[in-house]
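S.K.: Need a 3D model of the following:
(chains A and B)
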Number of protein chains: 2
Amino acid sequence: MSEKPFDRAALEQLVTQRFFYAPAFQIYGGVAGFYDYGPTGCALMNNIINVWRNHFVLEEEMLELDTTIMNTHDVLKTSGHVDKFADWMCKDLKNGEIFRADHLIEAVLEARLQGDREARGAAQAPVVDDKKKKTKKKKGAVVAVELPEEERQAYEEILAKIDNFGGEELGQIMQKYNIRSPESGNELSPPQEFNLMFESSIGPTGHLKGYLRPETAQGQFLNFKKLLEFNNNKMPFASAQVGRAFRNEISPRSGLLRVREFTMAEIEHYVDPLDKSHAGFADVKDTKIKLLAKDVQLSGKTTIQEMTVGEAVEKKIIDNETLGYFIARIYQFLIKIGIKDEKLRFRQHMDNEMAHYACDCWDAEIQTSYGWIECVGCADRSAYDLTVHSVRTKEKLVVREQLAEPVKVERWQLEINKKTFGPKFKKDAKAVEESMLANTDECFERLAKDLETNGVSKVEANGTTYEVSKDDVKVERVTVTEHVREYTPNVIEPSFGVGRILYSLLEHSWWVREEDEARNVLSFPPSVAPFKCCILPLSNHESFAPFVKKFSRELRKNGVSTRTDDSSTSIGRRYARYDELGIPYAITIDFQTVDDNTVTLRMRDSTKQIRDTFENILKILKEEQ
Amino acid sequence: MSEKPFDRAALEQLVTQRFFYAPAFQIYGGVAGFYDYGPTGCALMNNIINVWRNHFVLEEEMLELDTTIMNTHDVLKTSGHVDKFADWMCKDLKNGEIFRADHLIEAVLEARLQGDREARGAAQAPVVDDKKKKTKKKKGAVVAVELPEEERQAYEEILAKIDNFGGEELGQIMQKYNIRSPESGNELSPPQEFNLMFESSIGPTGHLKGYLRPETAQGQFLNFKKLLEFNNNKMPFASAQVGRAFRNEISPRSGLLRVREFTMAEIEHYVDPLDKSHAGFADVKDTKIKLLAKDVQLSGKTTIQEMTVGEAVEKKIIDNETLGYFIARIYQFLIKIGIKDEKLRFRQHMDNEMAHYACDCWDAEIQTSYGWIECVGCADRSAYDLTVHSVRTKEKLVVREQLAEPVKVERWQLEINKKTFGPKFKKDAKAVEESMLANTDECFERLAKDLETNGVSKVEANGTTYEVSKDDVKVERVTVTEHVREYTPNVIEPSFGVGRILYSLLEHSWWVREEDEARNVLSFPPSVAPFKCCILPLSNHESFAPFVKKFSRELRKNGVSTRTDDSSTSIGRRYARYDELGIPYAITIDFQTVDDNTVTLRMRDSTKQIRDTFENILKILKEEQ
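M.R.: Now for the predicted structure:
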């Protein structure tokens, strides 16, 4: 395989020419961040999803769902997306161009640092390049100007912490370091928040606000109660979903890596927070993976540790067996579809870069010409989502576990003084009571303390704040005997960006047959190759037609997807064409076939050919799938 | 199977309890027209789609695409959806309730007709019931009042033509017959147009309007040029797509039958308008189907004609071989997945009920408890879509065919007088010229006539009207010799509503084991059953565990999806549970298994059991798939 620098333009040309994917609405000029998958890309994606479904859903009897893409405002308000799923943008005050603030600062500061290095005659690699934002497009023009030492240090510090900053801090940085619109040089507006969800409205009144889901997870959480019932109340278990999600990116870029509409495959594994062991862990614990843990990154290094998952869990680098189990299974899946082991690592998120719902997260990162790309996230969402939906809807989203022996537990008890409570809160009485009952332990503690210290406390219900006094309620810690344990499960979520995986796979599978006038090959494993086999009659001579028909029917019957090509193009050029589609096998039909029913099987990667009867060739293909 | 009246409530209970599907956001109260598919429904749908993909896409080497759900305003303006994809709604002027005008009129008039029948003591079936709108929910309360004969006739005529009326006519009917809000009795607003597309905006500026696609077809048409190239310029060929589509229905109803978000599977078969023969027609022409042709319906009858597709094409009931081919293939597909032959018919659209793009259309209608439901449309969209997109984008969406012999053809020729044209139209000159060049033959004829008669003619370009005179252009009919024939293909479109098919299949598959305390069974064919096999150890005794593990692994490896259930529930009750999921086979593991490796295989429909070694049972399962 080629050791030359990666020629992305050549791969892009191949991808376009063989219609793996292309900008959507291209004849209308296209819109950034939207892509259509062509016959090859669509088949490749379907096959990746099939392998995923077999590897995860069927293997582990996960409960696959298909929930709506349109979601209501209420659901996504509760999940936190309405308030927190946003980026900061700023606007060129003269020409109106819009930038994502953090990306813009990165681009400009990196260009200045690069200019500094050039001015000082140093040609080091950029220092921060390997940390997080790998998909940057240099927007700032590089001018060779040396920077004062302290400014250089300040830039590097900003770049290291860029994910940490809110709008105000980004604005301060822009002002302090005079960051302007890179091409026009115009002044920029201060950063404004921009929610990344596509908004719409449901029904003819226009009053019911909806959003396109930014992840498939919420639809799974909303169905938790039904899923648990379906699973005969047995824990742990997982739900799964494959489907479209949407993010209205401010400035989509890097081809399939940052788009506005994409396919995700997500697993929500529900687990007892007190027992995160996993029955399948023993089967995977010897899987060797490359890790880049939080601690290592915090010390400013990017040193990869290679070890087995068992070792990583034992050393507490990976927190628990369930997380370890899924990291190993993600690894196995990616290797199975053709991702290169040496270009795959698991990086732990640092505390400041986690999504609002996550308490721990490991990304499977794949190395591409854009850098290390996050392709799978494996997050511990704790009990966050089930808790917030439960509090909001008053629907219990819990597991009830019959205890072998009753236990005595301490818990908070609320006693309403009916004489004063009803008359005081009137029609709101029920809501105020329910709101207090839904309290967490911390809230109960605060309530009890308030009542004791001040005689009153505030309670939120239906968006209004009420004041309760110690004459209305008694809150105390009591000891009770329980026969049933009730808990909100934690959720471990492996979440796959299928488009990113597909793009990475294209890069890892592509090579050029140098000896043979630069012919492209895409060496997909047969399990994901868009088509498994092509049937190439020597020409469109009529005596070949019945063989084409018979062979393609037999192949299909045996689950081998095929393309036939009876064009008059030479066999050699047709081989080249199907190497570019990544088809692993080609069957050639010639005049000898008509005589003795033998065909030639040609292997994509080695170009080796064997001749045998069709029936024997079929056997080989079935085995190699 | 039961011959009692269909008990829809019982089926709905089963569907909910076994989580085939359920209202989306149910813990938030739900929103009409949105459903989530649970583990059984999702698996059933995936399997239906898999059979579809094998039957159509792989069998015929169709080019499957995966295009964006979000579409731009421009695309859907051109396709006609922005202007024409709308229903008429009216509003209760007091309580604000909103109705779809045509449905409301239907419901009210039918209720009055029913009241009339009751008053006259007749209990006939409603006369119009079998025509088109089968999913009506009676909203008008039935009061036994006899109607004057002429009014009765007027009602029946309105109901027969309801799809024909625009907003003004619907408004007149409402006024003339005093149609009011059925429950409140309040006055209604006149019908207003309501576009059924969900609207959103793309990117941070808010200026780029987008819509969620109402069909997957447009994404396919936009890629026509790339698809033709991918197919080595060979005609005919087909593209296909499975994916989500959205329609913001005014009043969703009838469960899965009229929803706001749904999965479609669509084929666009591109064919030479001069040659609509089909290479595969001979293979399907003996397929016997039930037809309800346009002529029969126009004569006021619903008499089904049963004949072979070959006969129907020969008699010109079905227009051409390609349309006939797809009707036969649709029939085969629906039968394959378990739709009952006696409840399946093909109904031809009448001229007034076709979508704005169609010139002929046959629906596969399936009989359910809601009446005959349109589940697959098979429309001839002619060259409509490719033509309008081509005119709008100036991108040629045509096939170029090398002619064996050059031919002389007459065509219109446009000659610009550069001396006057440029100075007159200045910067708009190019747009005006292009607009004239994109003319159809009819437009050229009109232009030539205008210039000859009046000396001037009007030309639309960029939304402005320009006047050209005979000094600016010469338009004439010329004879030229052509070596290449250039044509816009016609499109035959089989379009499947997967949710509707799935619901119909549930009704057709459901029956009750009367002899055995009313136990539900869903008799899906193994190819689409949500899971193929369940593994039931007699108890959760530890000696069974290794067998469960080994058998489920072996089954999966052979493509047999499984559910295991080691709960302590009795075997009989577990059989009943899995009959309700439609699982065709159950393997029971007992103490004899531990001794001699034999298991019991129990068949869902017959409840017959056989005992054999696991290996032999596996062989049976593989054969029966």
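S.K.: CA atoms for contacts and neighbours, from now on please.
M.R.: OK.
S.K.: Burial check on the closest residue to chain B within the stretch 51-200 of chain A, number of neighbours?
M.R.: Closest contact between the stretch 51-200 of chain A and chain B, by CA to the nearest CA, is at A:Thr67 (4.2 Å). Using other CA atoms under 10 Å in any protein chain shown, A:Thr67 has 29 neighbouring residues.
S.K.: low pLDDT regions in chain A?
M.R.: A:1-3, A:122-140, A:356-357, A:438, A:463, A:516-517, A:625 (pLDDT under 70).
S.K.: re the thing from before, list the residues that contact the residue of the stretch 51-200 of chain A closest to chain B.
M.R.: Contact analysis of A:Thr67 by CA atoms under 8 Å, 6 or more residues apart in numbering or on different chains lists A:216, A:219-220, B:24, B:35-37.
S.K.: at 10 Å what do you get?
M.R.: Applying CA atoms under 10 Å, 6 or more residues apart in numbering or on different chains, one finds that A:Thr67 lies in contact with A:216-220, A:222-223, A:241-243, B:21-25, B:34-38, B:42, B:261.
S.K.: try A:Ile617
M.R.: A:Ile617 neighbours (CA under 10 Å, 6+ apart): A:587, A:598-601, A:610-611.
S.K.: ok, the residues you listed vs chain B, which is closest?
M.R.: A:Ile587 (16.4 Å).
S.K.: pretty sure that closest one is touching A:Arg574, no?
M.R.: No. The criterion here is CA atoms under 10 Å, and A:Ile587 misses it with A:Arg574 at 11.4 Å.
S.K.: more crowded one of those two?
M.R.: Shown here are A:Ile587 and A:Arg574; by other CA under 10 Å, A:Ile587 has more neighbours (23 against 18).
S.K.: now the end-to-end length of stretch A:363-379.
M.R.: Terminal residues of stretch A:363-379 lie 8 Å apart, using CA to CA, to the nearest Å.
S.K.: List the buried residues for it?
M.R.: A:363-368, A:370-379 (16 or more other CA atoms under 10 Å in any protein chain shown).
S.K.: Next to chain B, which bits of the stretch 401-550 of chain A? Give me the list.
M.R.: Within reach of chain B by CA under 10 Å from any CA of the partner chain, the stretch 401-550 of chain A has these residues: A:Phe531.
S.K.: per-domain residue ranges of chain A.
M.R.: Using the TED database, the domain parsing of chain A gives A:8-68+A:213-384+A:491-500, A:86-130+A:141-195, A:404-485, A:531-624.
S.K.: Out of those, flag the one nearest B:Asn71.
M.R.: domain A:8-68+A:213-384+A:491-500 (8.0 Å; CA to CA).
S.K.: quick revisit: with the buried residues of stretch A:363-379 in mind, which one is nearest to chain B?
M.R.: Taking these together and measuring to chain B by CA to the nearest CA, the closest member is A:Cys375, at 20.1 Å.
S.K.: Just the element for the closest one, please.
M.R.: strand A:371-382 (DSSP states H and E).
S.K.: Tell me which other helices or strands that strand touches.
M.R.: Judged by 3 or more CA pairs under 10 Å, 6 or more residues apart in numbering or on different chains; DSSP states H and E, the packing partners of strand A:371-382 are strand A:261-271, helix A:321-337, strand A:344-348, strand A:360-368, strand A:490-497, helix A:498-509.
S.K.: Looking at those, which is nearest to B:Ile330?
M.R.: strand A:261-271 (28.7 Å).
S.K.: For the stretch 251-400 of chain A, which residue gets nearest to chain B?
M.R.: Nearest to chain B in the stretch 251-400 of chain A, going by CA to the nearest CA, is A:Thr393, at a distance of 6.2 Å.
S.K.: Enumerate every residue touching that residue.
M.R.: A:74-75, A:78, B:26-29 are the contacts of A:Thr393 under CA under 10 Å, 6+ apart.
S.K.: same question, A:Phe524
M.R.: A:44, A:337-339, A:505-506, A:508-510, A:530, A:532, A:581-584, A:604-605.
S.K.: same check, this time on A:Phe544
M.R.: Contacts for A:Phe544 (CA under 10 Å, 6+ apart) come out as A:536-538, A:566, A:589-591, A:593-594.
S.K.: Pretty sure A:Ile330 is one of the things A:Ile339 touches, is it not?
M.R.: No. Using CA under 10 Å, A:Ile339 is not in contact with A:Ile330, being 11.3 Å away.
S.K.: Just give the closest residue to A:Glu116, not the sequence neighbours.
M.R.: You called it Glu, but residue A:116 is Asp. A:Glu146 (4.2 Å; CA to CA, 6 or more residues apart in numbering or on different chains).
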